[in-house]
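*Asks:* Have a look; sequence and predicted model below, questions after that.
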Amino acid sequence: MLLTACNLKQDESGNSNEIRVNLLLEDSKNNSFDVNKRRTKLLGAYNINNSLSNGTLKKELFLKIMDQAINLKDSTLFKSAYNSGLSLSKKLNDTLGIGESLSRFGNYYFLKEEFDSAYIAYNQAYKLFNKIKNNYNAGKMLYGMGAIKNNLRDYTGSEVLAFKAIELLKPLKKNTSLLFCHNLLGINFSNLKEYDKAIIYHKKALEYASKIKNENLYREISLNSLGLVYRATGNYKLSIDYFEKALRNTSLRKNDTHLYSIVIDNLTYTRFLNGDTLQLEENFNKSLRIRDSMHNVSGVVISKLHLAEFYASRGDSAKALIYTKNASNLAKSVDNHRDRLDALKLLAKLDKKNAPAYLEEHIALNDSLQAQERAIRNKFTRIQYETDEYIEETKRLSQQNLFISIIGGALVLVFALLYFIKRQKARNKELLLESEQQKINQEVYALMLKQQSKLEEGRLQERHRISEELHDGVLGKLFGTRVGLGYLTMGNTISDPEEFKSYLHEIQQIEKEIRAISHELKHDILISKADFASIIEQYVSNQSSLNNFNYTFNNNADLPWSAIEDEVKVSVYRIVQEGIQNIVKHAKATTVAISFNLTSESLHLTISDNGIGFDLKKNRKGIGLKNMESRISKLNGKITINSIKDESTSIIITIPV
């Protein structure tokens, strides 16, 4: 069953997703499963790994998935893992991770024998590793490029790269990589027919194999290589000894069937060249069957060519010709030009009638290959040169960009400084204006208080006058009238009716006098205990009359206005002015409510109306509201605006006092 990103929770045993990825990776390496099941396991690991949040861990697991996808020849999954891993490494700005992803990309195309793509990837990875002084990975990339040049018969170029790799790897004591490099040198010198040097480097590789704790058949690889060199020198006996040493490893067939088939074929062919006849056909066919079962086309070509030589030596030219033609066609189908050249040469020997045609084809193919190899070698040299040139250009541009950045940064700093100075001047001017405005506000308030004091003084004088009139005039008259009436009504009878009428008239006059004083009091709009709240209410009342709206005014009687600082009262007065002006200009309200309250040492002012309201999200704040906010912020207060479109608006202000 395919695992998807839905199966991301921890399983019942408590294993985390990281552990599950590693377990699935191990299952994908289990040879007891068929290849499809192993690929399914690997796909599950890839899907779960995509869900991990730890970027560094995720990247490392992507690299492992790439390696296993290459082993399982799963191109689709490899490309998905490669793209994911490379993208993640770039996102993490991880140069090492980018290089490691590129190295896997090179391995993938190397195994597909698409050497130009592989070489480009190795070269790019090498530049990255070299940049961060990662000599181990840089050495491996040099080895990979050397192996490609060896495959394209550029043995001298391959030799140079192998020595450069050894120079980086030797101080690190990376025995496995050093083994591969020395083995590559041995193959190069063997192809150059410098067999003594080839033997030296293959034996050196064998020494490194003995230093590796888990040899992983590296010893058998070196033994096979030595056997080939000795066979090339004609020392068949020593060659056979090395092949037989390699086959003494009983786990070889199980652990590396491909290498096992190679050693079997090499041993059998060497024995054939040495003149042995025992079990040759059987062993040639044994190697052929293994290679055919593994779909190793190039291996099948070699086995068939060896069988063709074997049958030709026994005089069975027809059978030899069949195997040779078959090998030639197979080599052509997979562009195995080296073995096809050998097949054409053998066909010319076996088929005398068509020998000229085969030889002509052999010459044409050989010339074409040499031209192609030269072109490819030049292409790789150009790739390396262009890469170096690109790096130099990148460095130059980087330095240029750095210079531009420094100049740009300096200019930005200069402009920023000039802007700051200009802004500071404007701010100082603004502060000066605010300071002057504050002084003016305080003076205005002081004048208001002085005016209120004068009004209060006038009220007191008026009270004194009325008091004197009531006491000295009205009360005196009432007292005289009361006494006179008392004398007239003694004995429950009125002694003089005319005098009684005069007293009634006097009472009427006193009544008129009291009414006159009452009217004077009624028309006095000044209250006897005027304070700051009365000033606010007076302003609202005047605006109500002028702008035709009703109002309610609620002032908490416990508010200690006399104890509140003048600066606060001036700001509150201005805020009420701004609020009323905004209502008159914009709200189209018919009713306005203003209330003051004191709670928890904070003064609360609410200004509300039943106007058209506005959208707080869409409408930009006008200068009136900004002025309010500015005044409130200076008092460390808070302003809250609530508005419902087409219904009402309320402004709630809280000021610490």
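*Replies:* Cool, the structure landed.
*Asks:* Identify the structural domains in this protein and state their residue ranges.
*Replies:* What automatic domain parsing lists as the domains of the chain is 1-93, 98-213, 382-522, 532-656.
*Asks:* burial count for Leu102?
*Replies:* Neighbours of Leu102 under the rule other Cβ atoms under 10 Å: 24. From N, CA and C alone the C-beta is placed, and that goes for glycine too.
*Asks:* any idea what it is structurally, helix, strand or coil?
*Replies:* Following DSSP: H, G, I helix; E, B strand; the rest coil, the label given to Leu102 is helix.
*Asks:* what helix or strand is the residue lying closest to it once chain neighbours are set aside on?
*Replies:* Leaving out its chain neighbours, the residue that sits closest to Leu102 by Cβ to Cβ, 6 or more residues apart in numbering is Ala125, at 3.9 Å. Per DSSP states H and E, Ala125 falls inside helix 115-131.
*Asks:* What of Ala138?
*Replies:* Element membership for Ala138, per DSSP H and E: helix 135-151.
*Asks:* shaky segments in the stretch 351-500 of the chain?
*Replies:* Confidence mapping of the stretch 351-500 of the chain against pLDDT under 70 gives the ranges 372-398, 434, 437-438, 441-496, 499-500.
*Asks:* quick one, phi/psi of Lys73?
*Replies:* The phi/psi pair for Lys73 (degrees, to the nearest 10) reads phi 60, psi 40.
*Asks:* Tell me the spacing between it and Ser298.
*Replies:* Taking Cβ to Cβ, to the nearest Å as the measure, Lys73 falls 15 Å from Ser298.
*Asks:* again with Glu537
*Replies:* Taking Cβ to Cβ as the measure, Glu537 falls 106 Å from Ser298.
*Asks:* Have a look at these two and say which one is more surrounded.
*Replies:* The neighbour comparison of Glu537 against Ser298 (other Cβ under 10 Å) goes to Glu537, with 18 against 15.
*Asks:* Which element, helix or strand, includes the more buried one?
*Replies:* If you go by DSSP H and E, Glu537 is part of helix 532-547.
*Asks:* list the buried ones in whichever helix or strand comes after that helix?
*Replies:* Sequence-wise, the next helix or strand downstream of helix 532-547 (DSSP H and E) is strand 550-555. Within strand 550-555, the residues that count as buried by 16 or more other Cβ atoms under 10 Å are 551, 553, 555.
*Asks:* Quick one, which of those has the minimum pLDDT?
*Replies:* Comparing pLDDT over the buried residues of strand 550-555, Asn555 scores lowest. The value there is 85.
*Asks:* Number of residues surrounding the closest residue to Leu238 other than its chain neighbours?
*Replies:* Distance criterion Cβ to Cβ, 6+ apart; nearest residue to Leu238, sequence neighbours excluded, is Tyr230 at 4.5 Å. Residues lying near Tyr230 (other Cβ under 10 Å) number 23.
*Asks:* Now Tyr230, what are its backbone angles?
*Replies:* Torsion angles, degrees, to the nearest 10, at Tyr230: phi -70, psi -30.
*Asks:* can I assume it is in contact with Phe243?
*Replies:* No - when contacts are counted by Cβ atoms under 8 Å, Tyr230 is not listed as touching Phe243 (9.5 Å).
*Asks:* pLDDT score for the closest residue to Arg20 other than its chain neighbours?
*Replies:* Once flanking residues are discounted, Arg20 sits nearest to Ile48: 5.6 Å by Cβ to Cβ, 6+ apart. At Ile48, the model reports a pLDDT of 93.
*Asks:* where's Ile48, which helix or strand?
*Replies:* helix 35-49.
*Asks:* elements contacting that helix?
*Replies:* Judged by 3 or more Cβ pairs under 8 Å, 6 or more residues apart in numbering; DSSP states H and E, helix 35-49 is in contact with helix 17-28, helix 55-71, helix 75-91.
*Asks:* CSV for these, including mean pLDDT?
*Replies:* What follows is the helices and strands packed on helix 35-49, written out as CSV (pLDDT from 0 to 100):
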stretch, mean pLDDT
helix 17-28, 92
helix 55-71, 93
helix 75-91, 94
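*Asks:* Against which helices or strands is the helix holding Ala138 packed?
*Replies:* Where contact means 3+ Cβ pairs under 8 Å, 6+ apart, helix 135-151 is packed against helix 95-111, helix 115-131, helix 155-169, helix 175-191, helix 355-468.
*Asks:* what's the average pLDDT for that helix?
*Replies:* 94.
*Asks:* and the nearest residue to Ile262 once chain neighbours are set aside, helix, strand or coil?
*Replies:* Spatially, and ignoring its direct neighbours in sequence, Ile262 is nearest to Asn224 (6.5 Å; Cβ to Cβ, 6+ apart). Following three-state DSSP, the label given to Asn224 is helix.
*Asks:* so how far is Gly106 from the nearest residue to Ser103 once chain neighbours are set aside?
*Replies:* Of all residues not flanking Ser103 in the chain, Ala125 sits nearest, at 4.6 Å (Cβ to Cβ, 6+ apart). The spacing between Ala125 and Gly106, counted by Cβ to Cβ, is 7 Å.
*Asks:* circling back: the residue nearest to Ile262: neighbour count?
*Replies:* Quick note: Asn224 (other Cβ under 10 Å) scores 22 neighbours.
*Asks:* Distance of it relative to Leu280?
*Replies:* Applying Cβ to Cβ, one obtains 19 Å for the distance of Asn224 from Leu280.
*Asks:* Just the residues contacting stretch 103-110, thanks.
*Replies:* 63, 66-67, 70, 75, 78, 82, 85, 115, 117-119, 121-122, 125, 137, 140-141, 144, 147-148 (Cβ atoms under 8 Å, 6 or more residues apart in numbering).
*Asks:* how about 10 Å then?
*Replies:* With contact meaning Cβ atoms under 10 Å, 6 or more residues apart in numbering, stretch 103-110 is reached by 62-67, 69-70, 73, 75, 78-79, 81-83, 85-86, 114-126, 128-129, 137, 140-141, 144-145, 147-148, 151.
*Asks:* Need the buried ones from these selected in PyMOL.
*Replies:* Selection command for PyMOL covering only the buried members of the contacts of stretch 103-110, criterion 16+ other Cβ under 10 Å:
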select buried, resi 62+63+64+65+66+67+69+70+78+81+82+85+86+115+118+119+120+121+122+123+124+125+126+128+129+137+140+141+144+145+147+148+151
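*Asks:* for the helix holding Glu537, the distance to its chain's centre please.
*Replies:* Chain-centre distance of helix 532-547: 60 Å, with Cα atoms, centre = their mean, to the nearest Å.
*Asks:* what packs against that helix?
*Replies:* helix 355-468, strand 550-555, helix 566-582, strand 591-599 (3 or more Cβ pairs under 10 Å, 6 or more residues apart in numbering; DSSP states H and E).
*Asks:* do that again at 7 Å, thanks
*Replies:* For helix 532-547, the elements it packs on are strand 550-555, helix 566-582, judged by 3 or more Cβ pairs under 7 Å, 6 or more residues apart in numbering; DSSP states H and E.
*Asks:* thinking again about what came up before, nearest to Thr257, out of the domains of the chain?
*Replies:* Judged by Cβ to Cβ, the one of the domains of the chain that comes nearest to Thr257 is domain 1-93, at 10.1 Å.
*Asks:* quick one: buried residues of stretch 277-293?
*Replies:* Using 16+ other Cβ under 10 Å as the test for burial, stretch 277-293 gives 280, 283-284, 286-288, 290-291.
*Asks:* how far out from the middle of the chain is that stretch?
*Replies:* Centroid displacement of stretch 277-293 relative to its chain, using Cα atoms, centre = their mean, is 58 Å.
*Asks:* Give me the average confidence score over it.
*Replies:* In this model, stretch 277-293 carries a mean pLDDT of 93.
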